[in-house]
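Q: Got a sequence here, can you model it:
(one chain, ligands or ions: 1)
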Amino acid sequence: MLFQKSLDMQGVRADFPILSRTVNNKPLVYFDNAATTQKPVQVMQAMDDYYRQHNANIHRGIHALAEEATEAHENARAKIAKLINAKPEEMVFTRGTTEAINLVAYSWALNRLQKGDEIVSTVMEHHSNLVTWQFLRAKGVTVKHADIKDDGTLDLDNLAALLTDKTRLVTLTQVSNVLGTINPVRAVAKLAHENGALVLVDAAQSVPHMPVDVKSLDCDFLALSGHKMLGPTGIGCLYGRKHLLEGMEPFMFGGEMIREVHLDSAKWNELPYKFEAGTPNIAGAIGLGAAVDYLNRIGLETIRRHEVQLTEHALEALREVKGLQVYGPAAAEDRGGVISFNLADIHAHDMATILDSEGIAVRSGHHCAQPLMERLGLPATSRASFYLYNTAQEVDKLAETLQQARKVFKLK
Ligand code: 7TS
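A: A predicted model of the protein is given here:
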């Protein structure tokens, strides 16, 4: 298999110190990127430099350090905004995707939706895009979930049939963290808008891996996590169309988000600060900015091509393992670099333990998508998920270890 020449694999891997460590005396093969990604030295250095040279609280002090820290923080916002073709004031820093979705639930949905209103989602959502909407049921809001087809793709006709004049929001993931399915978000947005509903995109598994443009998706909100795109934990973003964010009330109150306070009243700060109460994760934002620089230097098209090739290679290699069931769309181009599988009736946790003994890190279980597992009729899967620093050799090692597991469990 010919891998993309422009991805200098040795150079890339050298940027990630953790990739040269061993686990159980075996070279680490890190295939748990859907859970969180490893960090390049450039991200760690940016954060280290901030703490060593510029540490101060932002937006308040009129001293040099405060100005430097503020500038670095806002530069990071501009970088992540540009990455998805948004404006900085449309990007609210959050702790991650979960908090971004919760922000929409509290600040938009809770104040606007009424008894009888409907939300349409899908059965393949991560719990953070499921449970968050369940709590609106107390207000009499109905949440409906579009089904998947047998090949693991979204049943768009089913989704379309769920839309009514009561639908106020359609919320879905762009890439499934279990099946790898890439959803036709643009088509869903068109359907939703024709019905007068807004669209929220859970981009936790898409923005890190492929070019994503909020204008061409035509979405109203988009949520992402920094730690899944080479950045640190504890930082993420909510993108929202400016006029929507302007019309929303904050759901957290405190310093930073106010312009003027009196004992019995307050005026909110301008966008996006009105949603950022309290001292933010300054170093985290700066680390995310450095991660965006890193991804841009490699290029998200290149990363996407690499992952498609790697996934294609993995699907081929895993097909050779007798008794192995792979879930999700058949073609690598139709999926992100996420492969869930089960080998015969070996429990996914036992499988993950065997793989770990060979230094291979995968996640096993329900992947915080229990309704999807129920829909698939599965208690659990093992999941290998790839990123730019993974290689075809690592995929071969996974396939070899699965062949060995067949022997260990004396499978016929
Ligand atoms: N949405 C999707 C599609 C996800 O995959 C995840 C995390 C989240 C939301 C939540 O992101 P957070 O950063 O706010 O926690 N997914 C996974 C996973 O698949 N394994 O561990 C975390």
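
Q: Need the residues that contact the host helix or strand of Q45.
A: Taking DSSP states H and E as the definition, Q45 sits inside helix 41-49. For helix 41-49, contacts defined as CB atoms under 8 Å, 6 or more residues apart in numbering pick out 15-17, 230-232, 283-284, 286-287, 289-291, 293-294. Every residue, glycine included, has its C-beta placed from N, CA and C.

Q: buried set for it?
A: V43, A46, M47 (16 or more other CB atoms under 10 Å).

Q: Now do the next helix or strand after that helix: everything it contacts.
A: Scanning forward in sequence from helix 41-49 by DSSP H and E, the next helix or strand is helix 64-83. Identification of contacts with helix 64-83 by CB under 8 Å, 6+ apart yields 50, 53-61, 87-88, 90-91, 93, 207, 212, 224, 237, 239, 272, 280, 282, 285-286, 288-290, 292-293, 295-296.

Q: With stretch 100-111 instead?
A: 92, 94, 119, 128-129, 132-133, 135-136, 139, 141, 168-169, 171, 198, 200, 202, 221, 223-224, 236-238, 240, 244, 248-251, 275.

Q: From L169, how far out is P250?
A: Applying CB to CB, to the nearest Å, the value for P250 to L169 is 19 Å.

Q: who has more neighbours, those two?
A: L169 (26 against 20; other CB atoms under 10 Å).

Q: I'd say that one and V120 touch.
A: Yes: between L169 and V120 there is a contact at 7.4 Å, judged by CB atoms under 8 Å.

Q: ok so, going back, considering only the contacts of stretch 100-111, which also neighbour the ligand?
A: Residues shared between the contacts of stretch 100-111 and the neighbourhood of the ligand are S128, N129, D202 [CB under 6 Å from any ligand atom].

Q: Overlap in contacts, L169 and V120.
A: Common neighbours of L169 and V120 (CB under 8 Å, 6+ apart) are A197.

Q: Give me the secondary structure label for the most centrally placed residue in the chain.
A: For the chain, the residue nearest the mean C-alpha position is A204 (1.2 Å; CA atoms, centre = their mean). Secondary structure for A204, judged by DSSP: H, G, I helix; E, B strand; the rest coil, is coil.

Q: Identify the residues contacting it.
A: Taking CB under 8 Å, 6+ apart, one finds G96, T97, H126, T173, N177, A223, L224, S225, K228 in contact with A204.

Q: now K166
A: So K166 contacts G116, D117, E118, T142 (CB under 8 Å, 6+ apart).
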